[in-house]
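Enquirer: Fold the following and give me the result.
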Amino acid sequence: MRKALVLGILGTLLGVGISGAKVQPPEILVGGEKISPVLLKVEPLSPEEREELLKGIRELRKDGIKVGVGEPEIVVFFDPLCPYCREAVKSGELEKLKNKSVFIPVSVHGKQGTVLAAYLLKKAKREPLPLVVKGWFNEEVEVCEKDLEKCIKEKEKSLTRGDLYELEKVEGLFRKLRLTAVPCFINLKTGTVQYGFKSH
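Expert: The predicted structure follows:
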């Protein structure tokens, strides 16, 4: 697990320093644009880890998955069932990352998250992942949650072993980089890793 910088995890999540003084959470900066504060900043990726992440993105593109366009500045790992990921997308603030980011689904919510993450990866062979993510969190997830068990079964039937293997590769990369939570924002220029999201 990556070490939290400066503050303890609990203090950072609450926006309170060890002394009890209020601390402004870190903000994501992309091309001069600020988006809402994230909840936790941890030690950055090493240059070798950044290269490993770029290699993983190239492999996804090679496999026909439309993770994003051009050279990304920010990589966003998310879970389809993550409430903070949903808040980040529904806030509209991630629109500021348009054409500068790569969105990659992983599961931190067990089998249900695994099925849905694999489903979104598969869908991203037909349309860009940023659009897939937006559609999922703005429309599909609420329909799915009305009968989650039924939704999971239907999505699972549409998946092949190859689809699940694609997700295994992504999650292997997530673990290899010692990442532990979502949403996870990584600045590829600086290696900065930030977790969580809190709208203004």
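Enquirer: At which residues are the helices of this structure located?
Expert: In the chain, the helices defined using DSSP state H lie at 9-14, 47-62, 83-90, 110-123, 129-135, 141-146, 148-157, 161-176.
Enquirer: Kindly reformat the ones you listed as a markdown table and extend each row with distance to Pro183.
Expert: C-betas here are computed from N, CA, C, even on glycine. As requested, the helices of the chain are exported to a markdown table (distance: least, Cβ to Cβ, whole Å):
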| stretch | distance to Pro183 |
| --- | --- |
| helix 9-14 | 14 |
| helix 47-62 | 16 |
| helix 83-90 | 5 |
| helix 110-123 | 13 |
| helix 129-135 | 10 |
| helix 141-146 | 14 |
| helix 148-157 | 20 |
| helix 161-176 | 12 |
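Enquirer: Need the contact partners of stretch 160-174.
Expert: When contacts are taken as Cβ atoms under 8 Å, 6 or more residues apart in numbering, the neighbours of stretch 160-174 outside the stretch itself are 52-53, 56, 59-60, 63, 65, 77, 104-107, 114, 117-119, 121-122.
Enquirer: Are any of these buried, and if so which?
Expert: Of the members of those, the ones counted as buried by neighbours, 16 or more other Cβ atoms under 10 Å, are 53, 56, 60, 65, 77, 104-107, 114, 117-119, 121-122.
Enquirer: Out of these, give me the two with the largest separation.
Expert: Pairwise distances across the buried ones among the contacts of stretch 160-174 peak at 22.9 Å for Leu53 and Tyr119 (criterion: Cβ to Cβ).
Enquirer: Let's test this: name the helix or strand in the protein with the lowest mean pLDDT.
Expert: Within the chain, no helix or strand scores below helix 9-14, which has a mean of 30 by mean pLDDT, DSSP states H and E.
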